[in-house]
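Peer 1: what follows is a predicted structure for the sequence shown.
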Amino acid sequence: MQTIRAADTNEVDKLIFREVDNDRKVVLQLEKKLFDYINQDVFRENNGIQLLEYDRELSVFKDRLHELQISFPPSYPYSEDSSQGKQYMNTRCPAWCDRILMSYSAKDLILKPENDEKAVVYDNIGPNVCMGDHKPVFLSFQIAAGAGKPIANKHKCCVVQ
């Protein structure tokens, strides 16, 4: 690792990581608004799932909020070039910035045993298409009418549809 500091403030301006051998080829370069990694495929291979262990922002909410298992690649920062729908920009480290969180009671409604678990889909939109710097995510599920309302099916005057 090479550290480059600003001459006037001595603050770290840039970090450069090089291979030990292979002519000390630059593997990663970090600076303000720059994340230049040699192999962006690591974020797409197996949807980047092996990197989820470093995704810890939501851990402080784990007792109050739930997220379904992520099975899509990091949703930000994608290139805004319309011909590069799968390419990340080199401005930030790719991350799962677009998420759907829910209360535990909502999770229980969505994942009820009588619901078809395969009918629940948590994914991104337009994986191969340029959609701006974020890939939107969606949560699709089926839920029974009146679910979550214990007295909803007990009205004698009407039929729940």
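Peer 2: Nice, I can see it. As the structure is a computational prediction, the values presented were derived from the model and not from experiment.
Peer 1: put the alpha carbons of the worst-scoring helix or strand of the chain on mean pLDDT into CSV.
Peer 2: Here the helix or strand of the chain ranked lowest by mean pLDDT, DSSP states H and E is helix 104-110, holding a mean of 89. Only the C-alpha atoms of helix 104-110 are listed here, as CSV (Å, rounded to 0.1, in the frame of the first residue of the first chain):
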residue,chain,number,x,y,z
TYR,A,104,-40.9,-8.4,11.4
SER,A,105,-44.7,-8.4,11.3
ALA,A,106,-44.6,-7.6,7.6
LYS,A,107,-42.0,-10.4,7.1
ASP,A,108,-44.3,-12.8,8.9
LEU,A,109,-47.2,-11.9,6.5
ILE,A,110,-45.1,-12.3,3.4
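Peer 1: report the distance from the helix or strand following that helix to the chain centre.
Peer 2: Next helix or strand after helix 104-110 toward the C-terminus (DSSP states H and E): strand 121-124. Mean-position distance between strand 121-124 and its chain equals 10 Å (Cα atoms, centre = their mean, to the nearest Å).
Peer 1: by contact count, what packs against strand 121-124?
Peer 2: strand 137-140 (3 or more Cβ pairs under 8 Å, 6 or more residues apart in numbering; DSSP states H and E). In this view, the C-beta of every residue, glycine as well, is placed from N, C-alpha and C.
Peer 1: re the thing from before, got the buried residues for the least confident helix or strand of the chain?
Peer 2: By neighbour count on 16 or more other Cβ atoms under 10 Å, the buried set for helix 104-110 is 109-110.
Peer 1: ok, now stretch 33-40?
Peer 2: Within stretch 33-40, the residues scored as buried using 16+ other Cβ under 10 Å are 35, 37.
Peer 1: please apply the same query to stretch 107-126.
Peer 2: 109-110, 115, 122, 124.
Peer 1: check stretch 94-103 too.
Peer 2: 94-96, 98-99.
Peer 1: and of the residues you listed, the nearest to residue 138?
Peer 2: The shortest gap between residue 138 and any of the buried residues of stretch 94-103 belongs to residue 98, at 9.7 Å (Cβ to Cβ).
Peer 1: could you tell me how many residues sit around the residue lying closest to the closest one once chain neighbours are set aside?
Peer 2: Spatial nearest neighbour of residue 98, chain neighbours left out: residue 75 (4.1 Å); criterion: Cβ to Cβ, 6 or more residues apart in numbering. Residue 75 has 21 neighbours, counted by other Cβ atoms under 10 Å.
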